[in-house]
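Visitor: next input, structure requested:
(chains A and B)
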There are 2 protein chains.
Amino acid sequence: KKPLETLQYVIVKWTFVFLVGLLTGLVAFGINMAVENVAGLKFVYTLNFMTSQRFALAFLVYAGVNSILVVLAALLCVYVGPSAAGSGIPEVKAYLNGVDTPNVFSFQTLIVKILGSIGSVAGGLIVGKEGPLVHVGACIASILGQGGSVRYGMTWKWLRYLKNDRDRRDLVTCGAAAGVAAAFRAPVGGVLFALEEVTSWWRGPLLWRTFFTTAVVAVVLRTGIVWCKQGHCGLSGEGGLIIFDVSGNPPDSGGNPDLNSGLQDLLPVIILGVVGGVLGSLFNQINGTIIMSSKRWLKKKGKCAKIAQAIVVALITSVCSFGLPWLATCQPCPTTIGFPDEPKCPTHGRTPNFKAFHCPANTYNDLAGLFFNTNDDTIRNLFSKGTNGEFAFSSLLIYLVTAYSLALLTYGIAVPSGLFVPAILCGATYGRIMGMAMRIVYGPGSMDEGIYALLGAASFLGGSMRMTVSLCIILLELTNNLSLLPLIMLVLLVSKTVGDGFNDAVYQLHVQIKDIPFLEEHPLSFMQQLTARDAITGPLVWFSGIERVGTILEVLRSTKHNGFPVIDNTFNNGKDERQQPIFCGLVLRSHLLVLLKKKQFIESREWGHNNLPQVHGCLSSAEFAKPGSGKGVKIHDIHLDIGEEEMFLDLHPITNTSPYTVVETMSLAKAYILFRQLGLRHLCVMPKSSEGQPILGLLTRHDFMANYLLNLHPSLKQSNHKKIHAYPSFRSPSQP
Amino acid sequence: KKPLETLQYVIVKWTFVFLVGLLTGLVAFGINMAVENVAGLKFVYTLNFMTSQRFALAFLVYAGVNSILVVLAALLCVYVGPSAAGSGIPEVKAYLNGVDTPNVFSFQTLIVKILGSIGSVAGGLIVGKEGPLVHVGACIASILGQGGSVRYGMTWKWLRYLKNDRDRRDLVTCGAAAGVAAAFRAPVGGVLFALEEVTSWWRGPLLWRTFFTTAVVAVVLRTGIVWCKQGHCGLSGEGGLIIFDVSGNPPDSGGNPDLNSGLQDLLPVIILGVVGGVLGSLFNQINGTIIMSSKRWLKKKGKCAKIAQAIVVALITSVCSFGLPWLATCQPCPTTIGFPDEPKCPTHGRTPNFKAFHCPANTYNDLAGLFFNTNDDTIRNLFSKGTNGEFAFSSLLIYLVTAYSLALLTYGIAVPSGLFVPAILCGATYGRIMGMAMRIVYGPGSMDEGIYALLGAASFLGGSMRMTVSLCIILLELTNNLSLLPLIMLVLLVSKTVGDGFNDAVYQLHVQIKDIPFLEEHPLSFMQQLTARDAITGPLVWFSGIERVGTILEVLRSTKHNGFPVIDNTFNNGKDERQQPIFCGLVLRSHLLVLLKKKQFIESREWGHNNLPQVHGCLSSAEFAKPGSGKGVKIHDIHLDIGEEEMFLDLHPITNTSPYTVVETMSLAKAYILFRQLGLRHLCVMPKSSEGQPILGLLTRHDFMANYLLNLHPSLKQSNHKKIHAYPSFRSPSQP
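Guide: A predicted model of the protein is given here:
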């Protein structure tokens, strides 16, 4: 029977991993198609009005469509799925760290996230669909991992294998990787993103499984592209799915002559890294401040204020992107693009480069090429090679300032909003500026401006998100050009180092802003000055091995604890009257609730010890399996009459008799390592001496939070509580 | 003072990481140059004799040079650095798992590894320098991480920060990554290799640090190539360092038309995967059997037998590579290569393609192009694009069988020998055969044979080594062609799955062959049927809090334990005559030795309790820092007179008072997880009840080994002891 079960488990696991990849790929494809078509139609109509010189009408249509799309997204976010606002990456990180907030991965959230991100991206905001896609992938994985639904009749015996946290967590990790893979068409990047940024516990087999998921995503997207090339996708051109395949740009210079220039490129690359580190960390700081201050205000004003905020941001964005291109001077179209003899610009429609906007024939408005485009097309413009000098210095500067400010305002309003695209937009813009400067310094032999744009984007991403390997791989997969590797590595190293000097990574800051009890990998340094005992507060709530039902009910109602120690002290065997109370183990609230629901009571304290198997024989282990999020037995589901409350419940069969323990004198930092590394929910603190209470208390996640500990021990506030990155103390014999 | 120390620590750490990258890159460059020049000279002379029809002399020179080179390598390996034999990857894995075997990373090993791998590779064996380079990188890192040497006057105050296991381990991880990066010029592949294959404990910051190391390696190699292009490198052409840069092949077909063929390529790719899985796992099995059986024989015959074995293998290889090309028929040179009008072949010298060998002018011997080349050049030939039909089917088949058999014989003899190159050679050969078959099935529209060769190599590597993401990235970085990603992924997935069905990965098998007490990530399933108590054997050896010096000395001499529990039972405070003995904590052998060496003794048992600080005030924490491999105080360094032996030693100041503990009833599988995840050396097993002994025993690495446990509990042998990949039991409340 055992090998068969294992086989079933493996089949279920891999099927679900495959489904996560398939569905995430399809959803990503759908979002892309929708955005390209909606935004495409918007631009087609607007530009039609522009060519017939009806500028006011064009603006009205443009701003109106944008506002309606954004408001729809905001309405959905505020009233249907509040968890869908923002990028979702902090939420995924928190879940994989062990914080299971209800509704973060619900079906509603999924739908809102999909529709909302179509709205916000097509509505012209400076946001991306990349972060939201990570959340979408995680949602899909989490919904699949619920193990079916009794209510909707979706039950299948094999699904019981997924009813545990580890497999759910693994599936969500795969979902997050699939999201990144789908967002950037970067399968390896997705795996590394999941590894570097998202997960808290990494297991070997997971590498292999996420890799499979992202491979499925890659195949789905590839099939989608082939299908689109046959003309099924409406307005979305090839660009719709190849999010920014720089190698596929028409004016590709071919080969890499631009990379043999050697050491002369190192200095500008390092400068880019520093700039990216400064601007990125500044972005984190200002954005965090804006969100923190608007949070209080929004709490006071309620839901309408959130909608109003979204409208305001949408209008400001529309005004900027429609108004600012008028500042640019019209430039003659280059003669070398496609038609070598007569200068010719594509004037309207969906062509991203060389927008005419208000300019006369055979000239183009470079600023409109940046502002009056979908964000993806703008990035493609900025990254394009062989287009040195397409953008004027002033245009790039205007765009940089505007995009940076808008991104600061936008990330935090109540719509799904990814941070990758704003970061790439800003970074690529100053990268191109740097490229122009270098062309002045080094002459025409310097690197292409498109490559500088890419490096600039890398620097801003590194400076804000502080990832390294995964960003590097994502950018390489985007550009399909491995020879850029050393330069991208260098720029990421510099920008991350500079950024780390100022503040934390952006997702880490948002985890703090959202007050998520996140367990970092390393203990905080002040924990070394505390012992495990110092973190215990409040009286210990415990049960006897055979406990009165009424007492259990009362305790479950009056506390919110999830675990309770079980202590045998009524156990008198007559031999020795000084029998010490013995710590039996831990029971979980969820298991107690199942037992109460099943009413497996016994008459008296003495009865249970001889016939344990009979009492609980009717309960199978499947009933104690962890149900899906928010689906377990609740305390108010339990209704007992007074007679039942006077009966007893034998807790021994559901007691975990060997929980992980630490001795009270252990340094809290060391206890933290145990707690964090093994991913515990409860850690029992045992007394040093065998007299007295057999257990002193339980430590949970909240007991390791810095704020809690610093309130408990205010004297520690003076010492700076940085993370212990420093060398370990000499007396750690437990390290191998 | 604290922030300054942190700064010093950071500076030292990053400097050393940089040095590891720099030195590994330089050594890799040196090895490549040496191999190319030595092997190049060998081929130049041999081919000169060939062109003048003096075939016997040519063979003598060829076989003689090969044998001398291999014998030199074997002599070094056998007499100077026995740890340098083989690939070294199992040793690096074992070290990073916590098994610190002496001399594995010593300076002698490093030198032997470098010289030996030059000898074995230039000597024409079917071995690579890739595995040895990983070992070389790890050696360099480990030597740097020793924290200076007092003997050679290399001391520096800042080096004390490196005197702990964690930083040494991190440095060795960086070294292994640097080795792979240098071997394949694959910086990202190196990072992922370290992550997927080599390390046992992965920490977030390590990603970042290994990435930096491999970036340094990439820069060093790049500089080396630029330098070589200026003609400083003798016979080594461009190929010397770009190990197999497939994209750089002269007959590059440009673009990727070969990849749009869609689904018709899926079937052959899946077949390749299956073939790779079967051949790869078969390789592991046969090679393991050969090594195990020759091991006994070699033990009996001694060192000379090892040398003889190496000579025999070298001669067989020479005979095969010189003799078998005579079987091939001479083929006319293609007209399209370089000189479109007259067919012309490069006849001799170092040109890898189209060797003339014994063939008349304007014809070439295709088998000589495979056999009569360095392995790197053969791989380049096999991978080359646009050379469909260069090799005859019979030639490829002969080469496949020969290379496979020779690889089986060679991996395991006493020379440094990497496994990547043999695997790539075999895989690429049957990949090309598959490509020829597909050209017959699908006609000229099928994928290029070079790409099939690459996929074949991937399948064999996946089938033998069972890595996924890292192999994929390494192959992508080798070929510099990201569009191959989905196909490589697919072939790796299939071959790994097939291979896993048969046996373990090759490095895992070699860890078992070498009897290394390796802790796998997951506990073995039979451990669920045991408790922690069941793994304890033998009487507990413990010390009192204040112990007689003579007793300590005797215990240290008579046992090999590294940790001892300290129990306070002489401690009578008068209040309560039934005072239980209290478990104080753990002392380490190394700390005891330091204390004995310093002779910090006290006169009587009662003296120490009031003035602890004075007694040990003169010992700084630095003296207890873990010294470099094999450099600590030894038991025979300690000489005490009889008076001193009667004195007492207060162990409290060096006792770790809060070691990690488990209760005796805990499942051994659960204890294993704690032991493995936290990387412990000792795990204390505590009694459930507070009566009796305060500690039952210590579990160490050896107590978790399958053989030990199965000997202890023979009844478990019947049950199959596979790894617990299956779903966890429901009652694991400790998982988050």
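Visitor: list the contacts for A:S321?
Guide: A:S321 makes contact with A:124, A:371-372 under the criterion C-beta atoms under 8 Å, 6 or more residues apart in numbering or on different chains. Quick note: C-beta positions are derived from backbone N, CA and C, even for glycine.
Visitor: redo that, cut-off 6 Å
Guide: Residues near A:S321 by C-beta atoms under 6 Å, 6 or more residues apart in numbering or on different chains: A:371-372.
Visitor: so which residues of the stretch 551-700 of chain A form helices?
Guide: Taking DSSP state H, counting those that start in this stretch to define them, one finds helices in the stretch 551-700 of chain A at A:589-598, A:612-616, A:642-645, A:668-677.
Visitor: starting at the chain centroid, how far to the shortest one?
Guide: Going back to what we said before, that points to helix A:642-645. Shown here is helix A:642-645, whose average C-alpha point lies 48 Å from the average C-alpha point of the whole chain (C-alpha atoms, centre = their mean, to the nearest Å).
Visitor: returning to what we had before: could you dump the helices of the stretch 551-700 of chain A into CSV with mean pLDDT and mean neighbour count added?
Guide: Supplementary listing: the helices of the stretch 551-700 of chain A in CSV, determined by pLDDT from 0 to 100; neighbours: other C-beta atoms under 10 Å in any protein chain shown:
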stretch, mean pLDDT, mean neighbour count
helix A:589-598, 84, 20
helix A:612-616, 47, 12
helix A:642-645, 82, 11
helix A:668-677, 92, 23
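Visitor: check whether stretch A:556-572 contacts chain B.
Guide: No - legend: contact between stretch A:556-572 and chain B by C-beta under 6 Å from any C-beta of the partner chain is lacking; minimum distance shown is 6.6 Å.
Visitor: same for the longest helix belonging to chain A, what does it pack against?
Guide: Ranked by residue count, the top helix of chain A under DSSP state H comes out as helix A:2-51. Under the contact criterion of 3 or more C-beta pairs under 6 Å, 6 or more residues apart in numbering or on different chains; DSSP states H and E, helix A:2-51 touches helix A:55-75, helix A:107-122, helix A:130-144, helix A:165-184, helix A:204-227.
Visitor: select, out of those, the one closest to chain B.
Guide: For the helices and strands packed on helix A:2-51, proximity to chain B was assessed by C-beta to the nearest C-beta; helix A:204-227 is nearest, at 4.4 Å.
Visitor: if you count neighbours, what's buried in the closest one?
Guide: Using 16 or more other C-beta atoms under 10 Å in any protein chain shown as the test for burial, helix A:204-227 gives A:206-221, A:224-225.
Visitor: chain center to the helix or strand just after that helix: distance?
Guide: Tracing the chain C-terminally past helix A:204-227 and defining elements by DSSP states H and E, one meets helix A:266-301 next. Once both centres are worked out by C-alpha atoms, centre = their mean, helix A:266-301 turns out to sit 18 Å from its chain's centre.
Visitor: identify the residue nearest A:K717 in space, chain neighbours excluded?
Guide: The spatial neighbour of A:K717 that comes closest, neighbours along the chain excluded (C-beta to C-beta, 6 or more residues apart in numbering or on different chains), is A:L710 at 5.4 Å.
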